[in-house]
Every structure is written in C-alpha cells, then in structure tokens.
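Q: Model the following, please.
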Amino acid sequence: MNLRQIYESIITEGKHWPEDYKKTALNMIKTSPLGQSSWYSDNYQKQDVDTISDEFGPLSHKNSNLGYFSPIIKWFVEYSGSDKQKYQEFIERKLDKIIQTLLYLSNNPSEELKIKDQLKTKWKFSDFEEYADRIQSKIDAEQKEKSKNISLKDKGYEIIPISSYEELHEKFGGNRTGYKGRSEWCHTNGKSTYDSWTSNGTKMFFVLAKKDWEKIKPPDPKTTNAYDDYGISLMAILVNVADNKLLNATLRWNHVIEPSKTVKGTSVDKAFLGWADLAEVTGRNVEKEVSEMISSEREKLEKKTEAANEKVRNILENVTEITKNTLSDSLKKLITEIEIPNSVTSIGEWAFFYCSELTSITIPNSVTSIGSYAFSGCDFTSITIPDSVTSIEEGVFQSCSKLSSVTIPNSITSIEKGVFSGCSGLTSVTIPNSITLIRDGAFYGCSGLTSITIPNSVTAIGDRAFYGCSELTSIEIPNSVRVIKDFAFGNCCKLTSMTIPNSVTSIGKYVFAGCFGLRSITIPNSVTSIEDGVFYNCNPNIVITVPKDFNRSLLNKARLPETAKFRIID
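A: Sure, this is the predicted structure:
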C-alpha cells in the first residue's frame, strides 16, 4: 500500500476510535521519509502516535470530528520530512496550535461548515497555519476587549518565576502536583520539553500558585469542572521574553478532565485563551506583573542577542559557503540581523532555517545560489536578492509570514516549488522577464497578495502556484503561457474576472475551484483540454465567454454551476 492509499484509508476509517486510527496512522508514518529516518525508531513512532491521539482526544467525542485526525497525521509527515528539527517543532509547537484551532471550529459550527471539507481533503499545513493565525488574532482581540471590563481583586495567588526544570520539579513535581500522583513534568520527556521551550532565554516559565495550594485535594473523578478549586490552584504559563506574549497556559497538571469539556475553545496547553482569562481567575494584572518580572531577563536576552550577532559575523568571515551546520541551533534561535560578507558565494539548504528572530539580512553580490529552505520560517519583512544569484531553490522563503515585499532579479529563470509558500504577509512581488516557469506552490497561501503581474516570458503556471491567495483580486495571464496546471488559482475567492490568452492549450484540474467571486472568464479556441472540476464551487452566476465555434464538450467535467451563462463572440 502506497502513501496515498494509506491516506485515503485513514480518511474513510471510522469504525473504532482510537485503535484503528492509530494503527493506520502508524502505517502512514512508517512509509514516509520521516518513518524511514535512522534516528526515528519504531518505539518513538508509536509514542508519537499515542501523543497525537491523546492530544486529539478532546475532539474525538464527536464522530464528525474524527475525520480531522487524518489531516493531522498527513501534515505531520509532510511538514517533518526527514528533518529532526522540523519533527520536534511539530510535536512540541505545531500540534497544540492544530488542536486549539480545531476545538475553536468544533465549537463554532457555522465557521466550521465553511472550511471543513477543504481542511480535510485539500489543505496543506501552510493553509491551516494561515487560517489558525487569523483565528488567534480574533481570540486576541476578544481577550483585549474582555480585559477592559475586569475588576481586579487579589484572590490569593503568587506569581512564581521558574529558572530551571529542576526548580519546577522540586517545587511542584510528583504527587504534590498531579492528579493521583501523576505530573506532566515528571515523565521521561519533561526536562527535554522544558529545555526546548525555554532554551537560550527566549521564553520564560511561571507558576501561578494559590495560597495553601498543597492542601487542596483532587476532585472526585466524576467531576465535570476542570476549573474547580483544584484545577485553578496551580497554573503554569509560558511567556515570550521579547514581547511578553502568552504562549501556553495550563491548569493544575493532569487534571482529571480536559479543560475543553468545560470551556469552549480551550485545550490542555491553552486552558486560558489569554491574559484577560488569567486576570479574571487570579484577580491580578498578570500580564503587567509578568512583564515587569521579566524586564531584567529581557535585558539579558538583548545582550545575548548582541553577542550572538557578533559571533555569527565572525564565523561568516571565514567561510565561502553557509551550510545548515555553519551556525549552531542555539545561535539560530538568537540572531536578529545578518550582513553576509563578500567572501560567501553560496547559501546552502536549511542554512538559516527557522531563525525566528531574524528580522534583517543583507545578501552581497558575491552569492550565486540559495539552497532549499535556506530562510524558511525567518522573521524579516523584506529582502533584496542581488543580480548575482542565478538559482533560488525549493521553499527558500516558505512560511516567512512577515515578508511583505520582494524583488526577484533578472538573473533568475524560474520561481521554484513553494519558494513563497505560506508568506501570508506578502503584498508586493516583482517578477522579471527572465522568469519562464512559475512552479508548483510558488505563491501557495500568500493570502496578503492583492495583485500580481506575470511577465510574457512565463510559459507554464504550476500546480497550486497561487492556491489560497485569498485577497488576490486581479491577475493577467500573458500570451506566452501554454499550460495552467491543477489548482493553480484554487480558493482565490476574491478573483472576479479572468481572460485566458490564445497561447493556452491546457487547463488542469480544479484550476478555479473555490473562486467564489469569479463572475466572468474568457476561454479561447486554443484551449483543447479542460480537466475535471475547473469551476467547482465557483460563483453560481459566472459568465463564460467563448467563440461561437468553441467545443463546449470540453467543459463536460468542469463542474460548472447549473446557473452559469454563456456569452458567444465571433
């Protein structure tokens, strides 16, 4: 059974939760590049499937939600590839974000109905992340509004900063914390998880402890309230030092029931959706107090960052190629700015992968190539690629969500697969006349892109090249384009009109699927092949303009709305 067959089987699998699902998920992982990695043993694979199943648990009580389990596994293997760092990031960071968003959808049926089918069958992880970020922005706004109406009256809590896992374990571990003696921070991965969260001083852990918390007894197992006296007697929060952003907030560890069964939209790691919820429970302005407590840590972080930036400058002065191993992981987590020296001629694959604090970078004219995923996940807002660069490989700027503008030099001949995929902040991009190919997923999920000009040098637009560019209102396809491949403009829901030029001979599957705003399109006689579902879920009042001798049978599988109209021209 190949990977696709396994994925299809897990979609339709619905007989028994969780064992059938876990078995199929494990098979899917084993047949993927991740499962075949030497460092990823069978035992770890089984543990991870158990972890994902446990995290998914709050959703599993509704049969309609079980279909979400398969996309999670699919995203897991696709996102991780065979890279250990990306694998760890998914398990330790991305998984909670997924569960949190799915819980929000589960409790908002009208919102869920809009995207459920696409999420389960079509979305890549970058699609989901872009959507999840919008949901989080909405939750943040609700929390900000809520904070205006909270009356603060101290309810007897102490805010305790934690400096190490050992301190956390000594003060709150074991049977002093967890329900019936089980504490999340006592399991075998407790220290490694804590260290990965707080490494290099970029994040800080706090415990909010109620007075005499040790005397508060665990509830009866039949309790229906996760936020009882026991649950809120100890709360743990994880805070980003640089901007005081609340990342995680839990109840007393391993409470007898899931928070999601008490409060809509919550999860184990986000029992509180924001600072306002914590203020309401404690009667204190936790946000302000934590910010003041970490001010000294913020100063330390700034000094560490300056030292890291200086160390990177010294390292790069002595190399001609920057590889994924040139900089240590600890440096990559701290650096904020880089000026690459003229001695460097090549930036290799994964070189600055997920340097999440990197806001500024200068690439000199000496650089001729940039390898796959070199800047994926970085935090800069703009970048200038010099004319000396002749090759930009797959996924170079993938998930650079703050990247707003980029100029591609004339020295580049193709925009490779997924180069700007997930760049949700990208509003402006200049494509030069040297470009002949826009490959698969090149601008996938660039939801901030409102318009784009394709030069008349381009001959093919790849699969999902502009899929999910939800703010794209106009695009002009030049006469040089011969082929438009599958899903190329799928879910470009604000696209209102389209003219296919006389050069195009083939339109792939679902090219305009989900383009709700598409009201008119012109198709010439040069088109001899129109694949399945091209107009699936388009505007019901779409007008198709075609020549009078156009072969309409080409549209038999295009899934035109029944109310679509034709306009005939000479």
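Q: Report the secondary structure element holding residue 158.
A: strand 157-162 (DSSP states H and E).
Q: what's the most centrally placed residue in the chain sitting at in phi/psi?
A: For the chain, the residue nearest the mean C-alpha position is residue 129 (3.1 Å; CA atoms, centre = their mean). Here is the backbone geometry of residue 129 (degrees, to the nearest 10): phi -60, psi -40.
Q: Low-confidence stretches in the stretch 201-350 of the chain?
A: 253-256 (pLDDT under 70).
Q: any idea how far residue 210 is from residue 273?
A: 20 Å (CB to CB, to the nearest Å). Where you see a C-beta, it was placed from the backbone N, CA and C, and this is true even at glycine.
Q: go on, residue 80?
A: On the measure of CB to CB, residue 80 and residue 273 end up 28 Å apart.
Q: elements contacting the next helix or strand after the strand holding residue 158?
A: Sequence order places helix 165-172 as the next helix or strand after strand 157-162, per DSSP H and E. If you count contacts as 3 or more CB pairs under 8 Å, 6 or more residues apart in numbering; DSSP states H and E, helix 165-172 packs onto strand 157-162, helix 190-198, strand 203-210.
Q: Now helix 165-172 - C-alpha only, CSV.
A: Output of helix 165-172 as CSV, limited to C-alpha atoms (Å, rounded to 0.1, in the frame of the first residue of the first chain):
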residue,chain,number,x,y,z
TYR,A,165,13.3,22.3,35.2
GLU,A,166,15.0,21.1,38.4
GLU,A,167,13.4,24.0,40.3
LEU,A,168,10.0,23.3,38.8
HIS,A,169,10.2,19.6,39.6
GLU,A,170,11.4,20.3,43.2
LYS,A,171,8.6,22.8,44.0
PHE,A,172,5.7,21.3,42.1
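Q: Surely the residue nearest to the centre of the chain is in contact with residue 422?
A: Yes: using CB atoms under 8 Å, residue 129 is in contact with residue 422, at 6.6 Å.
Q: Now do the shared contacts for the two.
A: Residues touching both residue 129 and residue 422 by CB atoms under 8 Å, 6 or more residues apart in numbering: residue 399.
Q: Mind listing what's buried along the host helix or strand of residue 314?
A: Element membership for residue 314 (DSSP H and E) is helix 295-316. In terms of neighbour count (16 or more other CB atoms under 10 Å), helix 295-316 has its buried residues at 297-298, 301, 304-305, 308-309, 312, 316.
Q: same question, stretch 400-418
A: By 16+ other CB under 10 Å, the buried positions in stretch 400-418 come out as 400-401, 403-404, 406, 408-409, 411-412, 414-418.
Q: The strand holding residue 158 pairs with which strands, parallel or anti?
A: For strand 157-162, the paired strands and their directions (DSSP bridges) are strand 203-210 (antiparallel).
Q: Could you list the residues in contact with the strand it pairs with?
A: So strand 203-210 is contacted by 155-162, 168, 171-172, 194, 197-198, 216, 232-241, 247, 278, 282, 286, 290, 293-294, 297 (CB under 8 Å, 6+ apart).
Q: buried subset of the residues you listed?
A: 157, 159-160, 162, 168, 172, 194, 197-198, 216, 232-239, 241, 247, 278, 282, 286, 290, 294, 297.
Q: and stretch 404-412, average pLDDT?
A: For stretch 404-412, mean pLDDT is 91.
Q: how many neighbours does residue 318 have?
A: 9 (other CB atoms under 10 Å).
Q: Find the nearest non-adjacent residue to it, please.
A: Spatial nearest neighbour of residue 318, excluding adjacent residues (CB to CB, 6 or more residues apart in numbering): residue 343 at 7.9 Å.
Q: pLDDT-wise, which helix or strand of this structure ranks last?
A: Lowest on mean pLDDT, DSSP states H and E among the helices and strands of the chain sits helix 3-12, with a mean of 42.
Q: C-terminal to it, what's the next element?
A: According to DSSP H and E, the helix or strand after helix 3-12 is helix 19-30.
Q: buried ones in that next one?
A: Under 16+ other CB under 10 Å, the buried positions of helix 19-30 are 21-22, 24-29.
Q: any idea which of the residues you listed is the one closest to residue 354?
A: Taking CB to CB as the measure, residue 354 lies nearest residue 29 of the buried residues of helix 19-30, at 22.1 Å.
Q: residues near the closest residue to the closest one other than its chain neighbours, how many?
A: Of all residues not flanking residue 29 in the chain, residue 35 sits nearest, at 4.4 Å (CB to CB, 6+ apart). Residues lying near residue 35 (other CB under 10 Å) number 18.
Q: contacting residues for residue 35?
A: 29, 45, 77.
Q: Isn't residue 135 up against residue 102?
A: No: if you go by CB under 8 Å, residue 135 and residue 102 don't touch, sitting 10.2 Å apart.
Q: List phi and psi for residue 332.
A: According to degrees, to the nearest 10, residue 332 has phi -60, psi -30.
Q: Find the nearest non-adjacent residue to it, please.
A: Leaving aside its sequence neighbours, residue 332 sits nearest to residue 355 (CB to CB, 6+ apart; 4.8 Å).
Q: Might one say that that neighbour is in contact with residue 376?
A: No: assessed by CB under 8 Å, residue 355 is found out of contact with residue 376, at 9.5 Å.
Q: that older thread, tell me, how many residues neighbour the residue nearest to residue 332?
A: 24.
Q: doesn't it fall inside a strand?
A: No: judged by DSSP: H, G, I helix; E, B strand; the rest coil, residue 355 forms no part of a strand; its state is coil.
Q: can you pull the contacts of it?
A: Residue 355 neighbours (CB under 8 Å, 6+ apart): 332-333, 335, 375, 377-379.
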